[in-house]
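What follows is a predicted structure for the sequence shown.
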Number of protein chains: 2
Amino acid sequence: MQSASVEAERAAGGPTALDTAIGEFRAALPDGAVITDPQRLRTYECDGLASHRVVPAVVVLPETAEQVRDVVRACAAHEIPFVARGSGTGLSGGALPHSSGVLVVTSKMRRILEIDTANERAVVEPGVINLDVTKAAAPHGYYFAPDPSSQQVCSVGGNVAENSGGAHCLKYGFTVNHILGMEVVTPDGELVELGSDARDAPGYDLLGAFIGSEGTLGVVTKITVRLLRKPESVQTLLAGFPSTDEAGAAVSAIIADGVTPAAIEMMDALAIEAAEQAVQCGYPDGAGAVLVVELDGPAAEVEHTFTEVERHCRAHGAFEIRVAADDAERAMIWKGRKSAFAAVGRISPDYIVQDGVIPRTALPEVLGRIARLSSESGVRVANVFHAGDGNLHPLVLFDDAEPGAGERAEAVSGAILDLCIEHGGSITGEHGVGADKVKYMGRMFTADDLDTMQRVRCAFDPVGICNPGKVFPTPRLCGEVPGRRTGVHPLTEAGLADQF
Amino acid sequence: MQSASVEAERAAGGPTALDTAIGEFRAALPDGAVITDPQRLRTYECDGLASHRVVPAVVVLPETAEQVRDVVRACAAHEIPFVARGSGTGLSGGALPHSSGVLVVTSKMRRILEIDTANERAVVEPGVINLDVTKAAAPHGYYFAPDPSSQQVCSVGGNVAENSGGAHCLKYGFTVNHILGMEVVTPDGELVELGSDARDAPGYDLLGAFIGSEGTLGVVTKITVRLLRKPESVQTLLAGFPSTDEAGAAVSAIIADGVTPAAIEMMDALAIEAAEQAVQCGYPDGAGAVLVVELDGPAAEVEHTFTEVERHCRAHGAFEIRVAADDAERAMIWKGRKSAFAAVGRISPDYIVQDGVIPRTALPEVLGRIARLSSESGVRVANVFHAGDGNLHPLVLFDDAEPGAGERAEAVSGAILDLCIEHGGSITGEHGVGADKVKYMGRMFTADDLDTMQRVRCAFDPVGICNPGKVFPTPRLCGEVPGRRTGVHPLTEAGLADQF
């Protein structure tokens, strides 16, 4: 259902399919849960990727799985596109609305249904805030491991959609490693269970395909997450190095020694400068790079491996090493790291947060190439990243008031992704493809690879109403014969071209 | 392509589609790689589930991914069913051939292409034997974690198809947790990459859906596996208990204490008796149950947690605890456990190896119910299982020479699966559904759940030629409208009904 045809129907005087669907939403949902007021709709025009904005035609705020199902059924019946949104903190525009579609906001689905420590799991609704799971589990000595920087505000449903990571996914993996089962509404309005209470279920593991599918396969309505026991001991170390070269070599040496820290984070000089200005975190003076290394586990193990980590840092040129003596010092070390993105706003009026992955062994080479890109283009790049994972977060700085600066920054940002692909990496580590990186998918995957994914999308969503236009660059019409693509999907390329 | 129509075509005097395809296989493959001799075909009539036997129409032995692709393309062009087979050690009949189809045997694809310890991974062909990966990685201090009991003979491709586990998957997870990327041939003959060298790839994680799909989504031709560093220390303990009740309580106490052993295996009196007769493993006299608990990791941690495990065992009634002093003693403890399945042949002429999962907390209740089933029916059941995972392997004993004994054993075996489902578990932990457990899928999943999986199957395999008849009970005709099922799939239910 495109804007053009909605207008045509309205011009013809009859109720549009959307009008009919809105009537069905109102019948299915509580009072006030269907928003069509233009002022209020504007609140939802973007997620964390503020460069992309689209006002949805209607917003719904369901409170139960059955209400989500009823909304999706109405969408399917009238072929109206819908987009699910949790807290709207995503950085790739995955929850960017569709101008003639429905935005399904899960923020009223915030119940923690069960904390089951005997089986080390919790059952939550999709709108539950990431950190609230840990808060609920903490009295029992447990926590929920995925820890994106936005964990105080982002939703577990959003974590599922984006397969969110965080500083500690080096040791603990991504969201996909912490979800045991889910209830989802498929794009044709069926309420189904994915995964199982048991550890390995028969049939296809569609849990894995659904997690990280960025809202294109359905809407999650209930999530069984794995809870981890809080480690007996946590130790955090901050090490200052002359440059990222030495810091990178220290990372390789630590990993090669068989140590898997809970986190190894790196920041370069520009990122350190920004963080210092913002939060006075007291990072080592004159450091060209810092490493934050955190170890957790049984006290005996942590003590032993901590000595090893310290030794590797010194052997690779660390000139200052500081160990957090208590929780307050630990929090201060992390405050610098976690505030880095926002802090960059203090040293640059505008910036792009990039997200790419490279094999860890390619770190020194790629960092060198990024530095060269920066010096050749005159565009400053601050580097903050999950070094242990090879997950880069280059911050590309610019001043939008300066003519052409935005374009130059975009060019550098894109060239960094090309570097990632060239080195066998990926165009996104944890922020997703969303609306933002659709154009890079063709650089990373062959047509056959993309076609295989598209077929799965069509299997779930034959009509193409579920978050259309996201993730995939050249959607095929479902049911069309492969190799004979005759047109673009009406709801995707053409639809989005109208909007941007 | 059913037998009936093959015969009809042959009767009409022309070459059948299968004849044409065989000609294409010969053109694409090396000399001797296409087998049609009935005597030689008989070698492949079953996998590890010897109760199901079907002679394939033709066997091919490709040596490269391109040859696999060419075979599958010919199958797709002529709508001929195909089944992939690794070493044929599967226990659910997943590699059971199709009587009018092709068996694609990967045993000539045995090259280890790369051992990359810097990035902690290896690249192997699908026919490579599981243990050979570890052998190749061992000189570098690494190993491949999935360790099914058949690891000396089973193939990595087979592990991928079945998402194989093993004694150590309590701590290390299943095969799916150790695969980083794969090259596969889809059922229409496209060679595509799934997964990525980077830790989290954009697009759908079809790797997860493919792993454990039991050969129904395509044929894997290259596998990038994760290598783990050999732990600094391994400690193995054997504890004798009066009964499975006390042993089960010890397991719960260990896990509740936050310890994750590499393995916790349990055997009951009957399984101990069988293992003693077969390999004289010297398990504690008079034990009603034994636990094998293995801890691995940094020496400091292992030492600390080992004391805890010992304490929990004693507190829950262990009357004898033996700690392996060296590798030889460790091997002897494991020999008893690993030989248990085969050893049961010494105390019973015939037996069924069952495989089911329950939440760990339901262990005492379910073991009690199994004992009652056994005493009420007079059918002996030996229990050997991955206790930490709640993955049961009841061995149901019978004598096929005794009239009705096989049926009674089947009934008990099926009732055990019902118990697993009833307690929120699963009908298979690691052996798969294959041809064996198709009939139980409908008890475990709703029609909507199964339909969602079927749609994915159709997305990959619209014609229904890729391991038809396995896993799913009521396959729909791909492309048919959900809810309007008018007939069975010609290649699946009807085709298999001919065969059994």
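All right, it came through fine. As the structure is a computational prediction, the values presented were derived from the model and not from experiment. Numbering: from 1, shown residues only, chains lettered A, B, ... in the order given.

near chain B, which residues of the stretch 201-350 of chain A?
Neighbours of chain B within the stretch 201-350 of chain A, by C-beta under 8 Å from any C-beta of the partner chain: A:201-209, A:211-213, A:217, A:229, A:232, A:252, A:256, A:258, A:297-298, A:300-301, A:303-305. Yep, even glycine has a C-beta here, placed from its N, CA and C like the rest.

residue ranges of the strands in the stretch 101-250 of chain A, please?
A:102-105, A:112-116, A:121-124, A:142-143, A:179-185, A:191-195, A:219-226, A:228-229, A:233-241 (DSSP state E, counting those that start in this stretch).

So which of these is the most surrounded?
strand A:102-105 (a mean of 26; mean count of other C-beta atoms under 10 Å in any protein chain shown).

The residues of the stretch 201-350 of chain A next to chain B in helices, which ones?
Judged by DSSP state H, helices contain the following of those: A:Leu206, A:Leu207, A:Gly208, A:Ala209, A:Ser252, A:Ala256, A:Ala300, A:Glu301, A:Glu303, A:His304, A:Thr305.

Among those residues, name the buried ones.
A:Leu206, A:Leu207, A:Gly208, A:Ala209, A:Ser252, A:Ala300, A:Glu301, A:His304, A:Thr305 (16 or more other C-beta atoms under 10 Å in any protein chain shown).

With pLDDT added, can I get these in TSV?
Compiled in TSV, those are given as follows (pLDDT from 0 to 100):
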residue	pLDDT
A:Leu206	91
A:Leu207	91
A:Gly208	89
A:Ala209	92
A:Ser252	88
A:Ala300	83
A:Glu301	83
A:His304	86
A:Thr305	89
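
which one of these sits closest to chain B?
If you rank those by distance to chain B using C-beta to the nearest C-beta, A:Gly208 comes first, at 2.4 Å.

What is the most widely separated pair among the ones in helices among the residues of the stretch 201-350 of chain A next to chain B?
A:Leu206 and A:Glu303 (42.6 Å; C-beta to C-beta).

show me what contacts the residue sitting nearest the centre point of chain A?
In chain A, the residue lying closest to the centroid (C-alpha atoms, centre = their mean) is A:His431, at 3.3 Å. Applying C-beta atoms under 8 Å, 6 or more residues apart in numbering or on different chains to A:His431 gives the contacts A:Gly90, A:Leu91, A:Ser92, A:Glu162, A:Val353, A:Asp355.

Check A:Thr134 too.
By C-beta under 8 Å, 6+ apart, the neighbours of A:Thr134 are A:Tyr143, A:Phe144.

One more pass at 10 Å, please.
A:Ala122, A:Tyr142, A:Tyr143, A:Phe144, A:Ala145, A:Pro146, A:Asp147, A:Gln151, A:Leu227, A:Leu228, A:Lys230 (C-beta atoms under 10 Å, 6 or more residues apart in numbering or on different chains).

Tell me where the model's unsure across chain A.
Applying pLDDT under 70 to chain A flags the ranges A:1-12, A:197-200, A:474-477, A:479-500.

Which residue ranges make up each domain of chain A?
A:1-230, A:231-346, A:348-444, A:447-492 (automatic domain parsing).

Using TSV, lay out the ones you listed together with distance to B:Met444.
Below are the domains of chain A laid out as TSV (distance: least, C-beta to C-beta, whole Å):
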stretch	distance to B:Met444
domain A:1-230	7
domain A:231-346	35
domain A:348-444	32
domain A:447-492	21
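
can you tell which of those is closest to B:Gly390?
Short answer: domain A:1-230, nearest of the domains of chain A by C-beta to C-beta, at 7.1 Å.

Just list what the helix or strand containing A:Ala278 packs against, helices and strands only.
Taking DSSP states H and E as the criterion, A:Ala278 maps to helix A:269-279. Using 3 or more C-beta pairs under 10 Å, 6 or more residues apart in numbering or on different chains; DSSP states H and E, the elements in contact with helix A:269-279 are strand A:263-268, strand A:289-297, helix A:327-338, helix A:340-343, strand A:381-386, strand A:391-398.

Can you mark which positions in it are buried?
For helix A:269-279, by 16+ other C-beta under 10 Å, it's A:Ala269, A:Leu270, A:Ala271, A:Ile272, A:Glu273, A:Ala274, A:Ala275, A:Glu276, A:Ala278, A:Val279.

Pick the one among those closest to B:Ile223.
Nearest to B:Ile223 among the buried residues of helix A:269-279, with distances taken as C-beta to C-beta, is A:Ala271, at 37.8 Å.

Does the closest one touch A:Ala382 like I think?
Yes: at 4.2 Å, A:Ala271 counts as touching A:Ala382 under the criterion of C-beta atoms under 10 Å.

Now do the shared contacts for these two.
Contact criterion C-beta under 10 Å, 6+ apart; residues shared by A:Ala271 and A:Ala382: A:Ala340, A:Phe341, A:Ala343, A:Val344, A:Ile347, A:His393, A:Pro394, A:Leu395.

any idea how far the nearest residue to the third one once chain neighbours are set aside is from A:Ala409?
Among residues not flanking A:Ala343 along the chain, A:Ala278 sits closest, at 3.4 Å (C-beta to C-beta, 6 or more residues apart in numbering or on different chains). Counting by C-beta to C-beta, to the nearest Å, the gap from A:Ala278 to A:Ala409 is 21 Å.

And A:Met182, by the same measure?
Distance from A:Met182 to A:Ala409, by C-beta to C-beta: 38 Å.

next one: A:Asn119
Counting by C-beta to C-beta - A:Asn119 and A:Ala409 are separated by 49 Å.

give the contact list for the nearest residue to A:Ser339 once chain neighbours are set aside.
Nearest residue to A:Ser339, sequence neighbours excluded (C-beta to C-beta, 6+ apart): A:Val279, at 4.9 Å. With C-beta under 10 Å, 6+ apart as the criterion, the residues that contact A:Val279 are A:Met332, A:Lys335, A:Gly336, A:Arg337, A:Lys338, A:Ser339, A:Ala340, A:Ala342, A:Ala343, A:Arg346.
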